[in-house]
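Asker: sequence isn't available, so here's the structure alone:
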């Protein structure tokens with residue numbers, strides 16, 4: 001079975017971790033029951049996602065607003081796409097389908113989704129990269145209320161003790177990581193695992209330096225991979241990073257074994273729960289200090305082609321409700337992610353300082369499928385293969401990229 005993209009497992013962990021946060025959600029969610037259906041009248045919409053049940057109150061709020069009942073089906077993330085393709089074949093698709101944003105174009109290309117423009121919906125005002133991820137051949141097929149990316153977290157106490165400022169350039173990152181490495185604490189940590197999660201974490205270095213997934217064997221890509229290789233070679237990054245998922249990286253940071261790490265806002269519940277940990281985050285450093293080009297994460301809501309035009313129209317209203325400014329803020333409050341609308345996100349950052357670096361990053365972030373569309377997984381595999389070849393010493397960065405590029409053409 002094809003490996004899934006990283007944001008699925010992150011989002012599930014984030015939503016499970018957000019149960020304690022729900023008490024702080026605005027009153028628009030008050031009074032919702034814990035069952036799988038809403039008490040409002042009207043037709044019943046079936047919803048399919050890979051979230052946890054604590055997302056149900058959000059669905060129920062929008063169901064009440066559009067005059068519908070909802071039946072919610074939470075499925076295992078790893079099996080969602082195969083299930084969707086089977087449902088499309090048997091004409092049993094749900095009325096509302098949540099998809100990891102890199103999957104939207106693939107499912108749209110299959111003909112299983114309807115154009116959201118048919119329901120008067122658009123993504124005007126949203127982060128451009130998010131709109132691109134959820135569009136196929138010029139038409140919009142998904143709306144994404146919140147998004148996420150990755151940033152550089154740092155331990156404020158460790159940096160202050162070492163007299164180190166949060167780095168903005170690669171040279172500053174290398175110098176800071178070296179100075180912060182002491183005893184059992186590494187200066188820097190990131191996931192370099194041989195999955196899409198490893199590719200996701202390498203992309204800010206790769207893209208920000210001009211790397212192109214159409215051909216990863218370029219001098220710009222080699223510079224990015226050389227940076228990561230140098231961080232490992234000088235002892236600033238653990239050789240175990242080739243086996244670490246993002247959750248493992250966060251555990252290293254929580255345990256004080258990493259002074260800086262690359263990770264996302266879905267880790268905030270665990271970070272805030274750690275007593276005595278003082279942390280902050282900044283955009284991931286680039287070679288020249290220019291704006292970071294990072295990947296966009298998060299899930300989109302779509303309206304499948306079920307054949308029932310009336311229910312599809314109602315589903316369109318439901319998806320539109322989820323993407324309103326009000327609901328973007330509600331969902332951001334539950335998940336720890338940031339609103340997709342640029343104006344809403346900017347206002348959100350002022351009141352939620354812990355995600356301000358992510359709000360900055362998503363403005364210049366890219367959809368993973370933005371260039372290659374449904375063919376993105378092939379490039380993702382090449383990228384993490386090259387990282388593994390270099391960090392395990394099987395090839396220098398330039399040769400590793402050349403070898404990976406020649407594979408799986």
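Answerer: Yep, it's here. From a predicted model like this one, the values you see are computed outputs, not experimental measurements.
Asker: end to end on stretch 387-399, go ahead and measure it.
Answerer: Its first and final residues considered, stretch 387-399 spans 11 Å by C-alpha to C-alpha, to the nearest Å.
Asker: neighbouring contacts of that stretch?
Answerer: 192, 194, 198-199, 202, 217, 222, 225-226, 228-229, 232, 239, 241-242, 386, 400, 403-404 (C-beta atoms under 8 Å, 6 or more residues apart in numbering). C-beta coordinates here come from the backbone N, C-alpha and C atoms, glycine included.
Asker: mind running it again at 10 Å?
Answerer: By C-beta atoms under 10 Å, 6 or more residues apart in numbering, the surrounding residues in contact with stretch 387-399 are 191-194, 198-199, 201-202, 206, 217-219, 221-233, 237, 239, 241-242, 386, 400-404.
Asker: buried subset of these as a PyMOL selection?
Answerer: Here is the PyMOL selection string for the buried members of these, based on 16 or more other C-beta atoms under 10 Å:
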select buried, resi 191+192+193+194+198+199+201+202+206+217+218+221+222+223+224+225+226+227+228+229+230+231+232+237+241+242+386+400+401+402+403+404
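Asker: just the contacts of stretch 387-399: which are in helices?
Answerer: 198-199, 201-202, 206, 219, 221-233, 386, 400-404 (DSSP state H).
Asker: so which residues of this structure form strands?
Answerer: 44-49, 69-74, 96-100, 135-136, 139-140, 146-147, 151-155, 260-263, 279-282, 299-302, 338-339 (DSSP state E).
Asker: distance from the chain centre to the first one, please.
Answerer: The reference is to strand 44-49. 23 Å (C-alpha atoms, centre = their mean, to the nearest Å).
Asker: just for the stretch 301-409 of the chain, where's the confidence low?
Answerer: For the stretch 301-409 of the chain, applying pLDDT under 70 flags the ranges 408-409.
Asker: bridging residues for the residue most central in space within the chain?
Answerer: The chain has residue 297 as the residue nearest its centroid, 2.3 Å off, counting by C-alpha atoms, centre = their mean. Residue 297 forms beta bridges with residue 148, as assigned by DSSP bridges.
Asker: verify the contact between it and residue 127 for me.
Answerer: No - using C-beta atoms under 10 Å as the test, residue 297 is too far from residue 127 to be in contact (11.5 Å).
Asker: give me the common contacts of those two.
Answerer: Common neighbours of residue 297 and residue 127 (C-beta under 10 Å, 6+ apart) are 133, 144, 147, 149, 362, 365, 367.
Asker: distance of residue 77 relative to residue 332?
Answerer: 21 Å (C-beta to C-beta, to the nearest Å).
Asker: looking at the two, which has the bigger crowd around it?
Answerer: residue 332 (23 against 18; other C-beta atoms under 10 Å).
Asker: list the contacts of that one.
Answerer: Contacts of residue 332 by C-beta under 10 Å, 6+ apart are 145-148, 265, 338-340, 344-345, 348, 352, 355.
Asker: check residue 238 too.
Answerer: Listed by C-beta under 10 Å, 6+ apart, the contact set of residue 238 reads 181, 186, 188-190, 192, 231-232, 244, 249, 252, 257-258.
Asker: let's have those residues in JSON lines, adding pLDDT.
Answerer: Listed next are the contacts of residue 238 as JSON lines, based on pLDDT from 0 to 100:
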{"residue": "181", "pLDDT": "98"}
{"residue": "186", "pLDDT": "98"}
{"residue": "188", "pLDDT": "98"}
{"residue": "189", "pLDDT": "98"}
{"residue": "190", "pLDDT": "98"}
{"residue": "192", "pLDDT": "98"}
{"residue": "231", "pLDDT": "98"}
{"residue": "232", "pLDDT": "98"}
{"residue": "244", "pLDDT": "98"}
{"residue": "249", "pLDDT": "98"}
{"residue": "252", "pLDDT": "98"}
{"residue": "257", "pLDDT": "98"}
{"residue": "258", "pLDDT": "98"}
